[in-house]
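1. A predicted structure for the sequence below; I have some questions about it.
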Amino acid sequence: MEAVILVLVLLFLAFIGAGVYAAVKVVGSARRSVDRTISQARRTVEDTALRAKSYGQPGAAGEVAQLRLSLRTSMRATQDALHAGVAEDESLRETLALFERLSAHGLELEAELRRLEREPDKAGLGRRLPALRERTEQITHSADALRWAARDRARRFADEDLIALNEQIDVEAGALRHWTTPAADSGPQGQPRRPGRARTAGPGPSPDARPWSSAEGDEGDDRAAGGNAAAPGPDAITGRDPNRQQRYPWQKAPRPESTP
């Protein structure tokens with residue numbers, strides 16, 4: 001009895017532990033989903049604000065906003081492409097490591113550009129713009145090169161897979177058509193002709209070669225052939241003469257009626 005109670009207590013504790021673990025996982029997943037949504041909304045708002053500043057503010061401030069927008073767009077697109085491709089191609093992990101190093105320089109430039117947006121000295125900002133533009137172009141060019149190389153690699157693998165699939169389909173289609181026979185070996189409806197017994201022209205076997213033939217039978221055959229050629233009227237309804245019927249070796253002779 002004590003063992004049964006102990007087992008029930010352990011099962012109850014196991015159920016409680018499983019419930020707590022599932023609740024923690026659900027709460028963590030919901031929190032990550034909320035954080036991801038908030039981050040995406042924040043990025044969307046920042047990109048919209050930068051786009052508005054790049055078109056609405058003239059001079060150095062508008063160009064700084066344009067540099068930030070191009071940097072963020074290029075880095076985000078490359079990051080998404082590499083993270084999506086590394087799940088199918090393990091060789092992209094080295095490329096992803098290079099992008100992480102590039103991201104450090106991109107984040108540093110992003111922070112500097114954000115500070116320069118609030119710079120009151122527009123003349124000093126104008127003097128620093130050529131260097132900032134060059135750094136931004138270097139980083140975005142490298143990010144674009146990594147992204148396009150990853151896409152070209154994925155497309156190349158897809159093309160090779162498609163070519164191999166087409167070859168396999170051609171081989172399978174040829175195997176499915178292997179049953180087709182030439183027209184000469186087919187029947188009137190295109191069906192293969194079944195092998196049969198060959199017929200030879202010439203006179204038939206002699207009566208002596210047929211041990212079961214009889215003179216009456218031959219005469220009956222001749223009369224039947226002649227009657228078919230002459231096409232007489234309907235035959236009279238008469239009974240068969242057992243003495244004129246064709247006999248075969250394996251048939252027994254009819255017994256007379258007087259035989260007991």
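-> Good, I have the coordinates.
2. confidence score at Ser74?
-> Ser74 carries a pLDDT value of 92.
3. what sits against Glu117?
-> 53, 61, 64-65, 68 (C-beta atoms under 8 Å, 6 or more residues apart in numbering). C-betas here are computed from N, CA, C, even on glycine.
4. which one of these sits in the busiest neighbourhood?
-> The most crowded member of the contacts of Glu117 is Val64, carrying 27 neighbours; neighbours defined as other C-beta atoms under 10 Å.
5. how close does it get to Leu109?
-> Counting by C-beta to C-beta, to the nearest Å, the separation of Val64 from Leu109 is 11 Å.
6. so what sits against both of those two?
-> Joint contacts of Val64 and Leu109 (C-beta under 8 Å, 6+ apart) are Leu132.
7. what sits against Ala81?
-> Counted by C-beta under 8 Å, 6+ apart, Ala81 has contacts 147, 150-151.
8. where does the stretch 101-250 of the chain dip in pLDDT?
-> 180-250 (pLDDT under 70).
9. which residues in it form strands?
-> Taking DSSP state E, counting those that start in this stretch as the criterion, the stretch 101-250 of the chain carries no strands.
10. ranges for the helices of it?
-> Ranges of helices in the stretch 101-250 of the chain, per DSSP state H, counting those that start in this stretch, are 122-176, 215-230.
11. tell me which of those helices sits most buried.
-> helix 122-176 (a mean of 13; mean count of other C-beta atoms under 10 Å).
12. so what does it touch, helix or strand wise?
-> helix 60-86, helix 92-117 (3 or more C-beta pairs under 8 Å, 6 or more residues apart in numbering; DSSP states H and E).
13. could you figure out how far it is turned away from helix 92-117?
-> Between helix 122-176 and helix 92-117, the angle comes out at 150 degrees (axes from the mean of the first three to the mean of the last three C-alpha atoms, to 10 degrees).
14. ramachandran coordinates for Ala87?
-> Phi and psi for Ala87, reported as degrees, to the nearest 10, are phi -70, psi -30.
15. tell me the contacts of Asp89?
-> 153-154, 157.
16. can you rerun that using 10 Å?
-> Contact partners of Asp89, counting by C-beta atoms under 10 Å, 6 or more residues apart in numbering, are 82, 95, 150, 153-154, 157.
17. assign it to helix, strand or coil.
-> coil (DSSP: H, G, I helix; E, B strand; the rest coil).
18. what about it, distance to Leu146?
-> For Asp89, the distance to Leu146 - C-beta to C-beta - is 13 Å.
19. quick one: common contacting residues for the two?
-> 82, 95.
20. in CSV, list the contacts of Ala81 along with distance to Ala49.
-> As requested, the contacts of Ala81 are exported to CSV (distance: C-beta to C-beta, whole Å):
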residue, distance to Ala49
Arg147, 25
Ala150, 30
Arg151, 30
